[in-house]
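Student: Sequence first, then the predicted structure:
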Amino acid sequence: DQQVKQNSPSLSVQEGRISILNCDYTNSMFDYFLWYKKYPAEGPTFLISISSIKDKNEDGRFTVFLNKSAKHLSLHIVPSQPGDSAVYFCAASAVLNAGGTSYGKLTFGQGTILTVHP
Amino acid sequence: DTGVSQDPRHKITKRGQNVTFRCDPISEHNRLYWYRQTLGQGPEFLTYFQNEAQLEKSRLLSDRFSAERPKGSFSTLEIQRTEQGDSAMYLCASRRDGFFEQYFGPGTRLTVT
């Protein structure tokens, strides 16, 4: 079962415009969410995260929004730059697992390929 | 640079051979994870270490897979009797206590022929 879903395999945006990447999750135990960026032949690079006690977190050009009731989060990149072209992964973690301990493993979506055109 | 490192970066092996990968986490990170990524998918969790203790294993980790972190520092992942379905990118990540952000290494690309 796919507990974290990124339904858009790809997104194409013009330089300077906003990029919006979406992510949905099904597991209500998830309470910490992260976005990673990945270039070919490299490991994922951490971008930004958000705890379930917040609905927004901002870091420079990157903003993550969380809608807990809809089990939906999104990453906004403003303004988009050609160097932002990469695969973006949404990931989720449960601070506490069913046993009451915290292991923090990440469950990833399938990724969205972002292309920013000059 | 004190990021997560992995060795080798690429490994080509014949079916049936054993392979071993190494991961060196960020030095102050006591929590270490292994993931596997196949084409078109996100990374999938394999196993987790807190210091030297292996506390969680995914059902993806068959009996042919074994992982160790003998002194709570570097970790190794061994695959015995490799199969073509083992071809994937193997990623290592680490984090510190109290933080949920994991930092990934560059990965080891395994190709089983």
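Tutor: Looks like it came in fine.

Student: Neighbours of the residue of chain B found nearest chain A, how many?
Tutor: Among the residues of chain B, B:Gly42 lies closest to chain A, at 3.0 Å counting by Cβ to the nearest Cβ. Backbone N, C-alpha and C define where each C-beta goes, glycine included. For B:Gly42, the neighbour count with other Cβ atoms under 10 Å in any protein chain shown is 23.

Student: which regions of chain A sit below the pLDDT cut-off?
Tutor: Of all residues in chain A, those with pLDDT under 70 make up the ranges A:96-102.

Student: so who does B:Arg109 touch?
Tutor: Going by Cβ atoms under 8 Å, 6 or more residues apart in numbering or on different chains, B:Arg109 touches A:41, B:9-11, B:89.

Student: Show me the strands in the chain, by range?
Tutor: In the absence of a named chain, this looks at chain A. A:4-5, A:10-14, A:19-25, A:32-38, A:45-51, A:56-59, A:62-67, A:72-77, A:86-93, A:107-108, A:112-117 (DSSP state E).

Student: The intended chain is chain B.
Tutor: Counting by DSSP E, the strands of chain B are B:5-7, B:10-13, B:19-24, B:31-37, B:44-50, B:53-57, B:65-68, B:75-79, B:88-95, B:103-104, B:108-112.

Student: and these, which one's lowest on average pLDDT?
Tutor: Per-segment mean pLDDT for those reaches its minimum on strand B:53-57, at a mean of 92.
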